[in-house]
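1. The following block contains a protein sequence and its predicted model.
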Amino acid sequence: QVQLEESGGGSVQAGGSLTLSCVASEYVPYMGWFRQAPGKEREGVAGIDPDGRTVYADSVKGRFTISLDNAENTYLQMNSLQPEDTAMYFCAAGLWRLGRRASLSSTDFPYWGQGTQVTVSS
C-alpha cells in the first residue's frame, strides 16, 4: 500500500506563490495533483509520467508546474495564485500500465494523500 503525504499548503494573497510537496512511501511511476473546493467536485490540476511528460488543467497552465526529484518526491509550484485556486490539494499516485501517459483523471490514481489546504485571499 503506497502512502502519500502532502505539505506546503497555507494562506497567501492573490498574486503570491506556494510550493506543495508530496512524499511517497515507495516509488510510483505516475503522479498527479488534484484539488477540491467546498461544494465543488474534485478536479485534476497537474499530472506527470515517468518520462517527465506533464499535463495541466487549462485553468492553471502557465502558472503551476509539477515536477519530480528522485521519483518519490513530487512538487507543485504554484505562481500567480488567485482566490479561485483556494481548495484542498491532494497528491495522488498511479501504477504503471502499458501505453499510459500523464493523466488528470482521478480514476487513474488508486493512492491518495490526505490533502493540504491552500487559501488565497484577494
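-> Good, I have the coordinates. Every value quoted in this text rests on a predicted model; they were computed, and no experiment measured them. Numbers count the residues shown, from 1 in each chain.
2. Poorly predicted segments of this protein, please.
-> 70-71 (pLDDT under 70).
3. All the strands of it, residue numbers only.
-> 4-7, 10-13, 18-24, 30-36, 43-48, 54-56, 64-68, 73-78, 87-94, 111-112, 116-121 (DSSP state E).
4. Which one of these lies nearest to S105?
-> When these are compared by C-beta to C-beta, strand 43-48 sits nearest S105, at 6.5 Å. (C-beta placed from N, C-alpha, C; glycine too.)
5. who are the neighbours in contact with the residue positioned nearest the centre of the chain?
-> Central residue of the chain (C-alpha atoms, centre = their mean): W33, 1.8 Å from the mean position. By C-beta atoms under 8 Å, 6 or more residues apart in numbering, the contact set of W33 is 20, 22, 44-47, 64, 66, 74, 76, 89-92.
6. Closest to S103 out of these?
-> Closest to S103, out of all of those and judged by C-beta to C-beta, is G47, at 4.8 Å.
7. Touching, the closest one and S106? I think so.
-> No: contact criterion C-beta atoms under 8 Å: G47 and S106 do not qualify, at 10.5 Å.
8. Between these two, which has more neighbouring residues?
-> G47 (25 against 17; other C-beta atoms under 10 Å).
9. Relative to S17, how far out is the more buried one?
-> 21 Å (C-beta to C-beta, to the nearest Å).
10. how about the closest residue to T119 other than its chain neighbours, what does it touch?
-> Of all residues not flanking T119 in the chain, S11 sits nearest, at 4.4 Å (C-beta to C-beta, 6 or more residues apart in numbering). For S11, the contacting residues are T119, V120, S121, by C-beta under 8 Å, 6+ apart.
11. Closest one of those to T54?
-> Distances from T54 to the contacts of S11, taken by C-beta to C-beta, are shortest for V120, at 22.5 Å.
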